[in-house]
Structure formats: C-alpha cells, structure tokens
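1. The sequence isn't on hand, but the structure is:
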C-alpha cells in the first residue's frame, strides 16, 4: 500500500483519538503531532510519535494535515492558517453509515466511529463529528463546528459556523443554530438559537450571550 504522510495539529486528548482513528482507517503514515513549539514525543501504545513545531511543519508544504483539537475557535484559526499550503483530507471511520451519493461534503472533516448521516445533507469543511452522533435528513452544517459524542441532530436542522455542541445534546427538527453558538451537554434544543449564544438544559434556555 502506498501510505500517505499526515500530520496531526495538536497533541492533546482529541489529537490522540485522531491518531487512533487514522490507524483504524489505514493508508496514512502518521509523521508527527504539531504544536506551537516542539516537545517530547508522545507514546500511544506501541507508537512513539514526535511532536514538532509549527515552524518545522512549514518545510513539509503540500502534505496532509488533520485538526486534532476540539475547540471551534481554534479549528477555524488553524484551518485558515494552513489551508493555502497544505491538504486537509476528510478522515472518516470505516463504519460510518451515510448516503454518500446524496451528501455534499467539503474538506478536512473528521468523522469518528459510530456516526450515522442519512440523506440529502450538506456538510462544509473542518467539522469534527465525534463518536456515535446521528445527523438527520435535509440538514445543513457549515464549517468549523465541533459536535461532541452522542449528539442527535434531527432532520431539517441548520448549523452555521464555529458552533460547539456538547456531549449527548439533541437538536430537534427545523432548528437553526447560529454561528459561534454553544449548546451545553445533554441539552434539548427545541427552537432556534442565535449566534454567539450559550444555551443549556431540557429544554435548552439561554445562559448568556456574548
């Protein structure tokens, strides 16, 4: 097999999960984690992986990058910083269930194990869809969003850009989630949420606006 080199942006917990995801997918040679400054290598099972600096990464232009940080603001910043000189492949676990012929998808998405994506869906770029999420029909998801494990997104939902959705949250049909909103863990969203707004609870209520 012709292995493709890949670097993981970040070296924290989710970056380690991306490391595992890439090994499950196969076909990628993980070269290093990337941080602002280089540090000691990271041991994951039998794999010892270097941690290089962003300055070192610059010498590997046109290679593959995957974002391994679960913060929408940082995801957006890193994608903007590196997209002109690097490739961002979609990293999708083999057991993801999706109607791919009826899905429009951008680049740099990370879709983890156990995710179900149904039909007639638009998915932008640089989104993280974590373990065991569901996304229903006719949903539109923008870019730079982080959808945490166990989330259920119903049909005909619109999620704009830079949204964070906490673990086990549920978004009911016909809801619109504005850019840079935050949905608290285990919340039930039964109506639209304005941008730059944090909502929590069952049903979800506004905690604050920024």
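-> Sure thing, it's come through. Computed from a prediction, not measured in an experiment: that's the story for all the values here. Numbers count the residues shown, from 1 in each chain.

2. contacts and neighbour counts: CA atoms only from here.
-> Noted.

3. The spatially most central residue of the chain and residue 29: what is the separation?
-> By CA atoms, centre = their mean, the chain has its centre lying nearest to residue 128, at 1.0 Å. Residue 128 sits 21 Å away from residue 29, going by CA to CA, to the nearest Å.

4. circling back: I figured the residue nearest to the centre of the chain was touching residue 143, is that so?
-> No. Counting by CA atoms under 8 Å, residue 128 stays clear of residue 143, with 9.3 Å between them.

5. give me the beta-bridge partners of the residue nearest to the centre of the chain?
-> In this structure, residue 128 has beta-bridge partners residue 110, residue 146, where bridges are defined by DSSP bridges.

6. residue contacts, residue 40?
-> 50-51 (CA atoms under 8 Å, 6 or more residues apart in numbering).

7. And it, which helix or strand is it part of?
-> Element membership of residue 40 [criterion: DSSP states H and E] is strand 39-44.

8. quick one: buried residues of that strand?
-> With burial defined by 16 or more other CA atoms under 10 Å, the residues of strand 39-44 counted as buried are residue 42.

9. what's the helix or strand that it is followed by packed up against?
-> Beyond strand 39-44 in the direction of the C-terminus, DSSP H and E gives the next helix or strand as strand 47-53. In this structure, strand 47-53 makes packing contacts with strand 28-35, strand 39-44, judged by 3 or more CA pairs under 8 Å, 6 or more residues apart in numbering; DSSP states H and E.
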